[in-house]
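*Asks:* just need the structure, nothing else, for what follows:
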Amino acid sequence: MWFLNKEIEPKDFFPSEYVDIHSHLLPGIDDGAKDMEDSIVLIEKLASYGIKNIITTPHILGDIWQNTPDIILRKLKEVQQELENRNIDIQLRAAAEYMLDDKFLEFLKKKEILTLKDNYILVELSYMNPPINLMDIIFEIKMAGYIPVLAHPERYAYYHDNFGMYIKLKQLGCKFQLNLLSLTPQYGSNVTFTARKLLKQGMYNFAGTDTHHKGHLELLKKVASKKNMKQLIPLLKNNKFFTE
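*Replies:* Numbering: from 1, shown residues only. Got it, this is the predicted structure:
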């Protein structure tokens, strides 16, 4: 019905206990916030949506984004200090979004891992194709005592016609994190269709904004509808698990 599609204010959509576990808000270290001012603008906008507990997750991706825990935590402290200086009441922490590749296995062996909480790691796959040894990597993650949280599974087009792989990944112990922007035109209709299908089948464990820039946050407003609220509130409340 038409009234279910009516947009509502984001601050009335996101539950107070929601923790955003996927974003790119630290300045100048990946394809997210460009500088400190950009970081503050994005964080303040998220706060205006009622999202005041954030675990931001810079990319660690091969030779492209060669971040380390030291780099990430140093940038985190800089942003936390700036938030304090401006009297902005936000709880900001940092983990990382790890590309599952050979370099990741090196980090895993050295235990150089920034987790979302406890032993939960945010991981992603290439959009071109999954690693040939994906099952082996997941096995190594589990053997090392970690739990993989797979970022935006709906965006891996090579699984759209192979839904059984989603089931297999869940059976292997992967948790699934929905990108809320996948419910908008941001990534195309096939991604939205797959996200809706995964939602309907109850395969998601958590949700994140994956905020990179102001355009994402403008688009995020479209997720805040009565229809989505009915479907997403239980999932959004699951993120309370990541409260510090």
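*Asks:* just the C-alpha atoms of the helix or strand bottoming out on mean pLDDT in the chain, please, in CSV.
*Replies:* Within the chain, no helix or strand scores below helix 102-110, which has a mean of 91 by mean pLDDT, DSSP states H and E. Presented in CSV, the C-alpha positions along helix 102-110 are these (Å, rounded to 0.1, in the frame of the first residue of the first chain):
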residue,chain,number,x,y,z
ASP,A,102,46.6,-13.7,0.5
LYS,A,103,47.7,-10.6,2.4
PHE,A,104,44.8,-11.1,4.8
LEU,A,105,46.1,-14.6,5.6
GLU,A,106,49.4,-13.0,6.6
PHE,A,107,47.6,-10.6,9.0
LEU,A,108,45.6,-13.6,10.4
LYS,A,109,48.7,-15.6,11.1
LYS,A,110,50.3,-12.6,12.9
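*Asks:* tell me what that helix is packed against?
*Replies:* strand 59-60, helix 134-143 (3 or more CB pairs under 8 Å, 6 or more residues apart in numbering; DSSP states H and E). Yep, even glycine has a C-beta here, placed from its N, CA and C like the rest.
*Asks:* would TSV of those with mean pLDDT, distance to Gln171 and mean neighbour count be doable?
*Replies:* Formatted as TSV, the helices and strands packed on helix 102-110 follow (pLDDT from 0 to 100; distance: least, CB to CB, whole Å; neighbours: other CB atoms under 10 Å):
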stretch	mean pLDDT	distance to Gln171	mean neighbour count
strand 59-60	98	26	24
helix 134-143	95	11	16
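*Asks:* give me the angle between the least confident helix or strand of the chain and helix 134-143.
*Replies:* 20 degrees (axes from the mean of the first three to the mean of the last three CA atoms, to 10 degrees).
*Asks:* downstream of the helix ranked longest in the chain, the next helix or strand is which one?
*Replies:* If you go by DSSP state H, the chain has its longest helix at helix 69-85. Beyond helix 69-85 on the C-terminal side, the first helix or strand identified by DSSP states H and E is strand 91-94.
*Asks:* what packs against that following strand?
*Replies:* Other helices and strands packing on strand 91-94, by 3+ CB pairs under 8 Å, 6+ apart, are strand 53-56, helix 69-85.
*Asks:* of these, which is nearest Met165?
*Replies:* Closest approach to Met165 among the helices and strands packed on strand 91-94 is made by strand 53-56 (27.1 Å; CB to CB).
*Asks:* what is the mean pLDDT for the closest one?
*Replies:* Averaging pLDDT along strand 53-56 yields 98.
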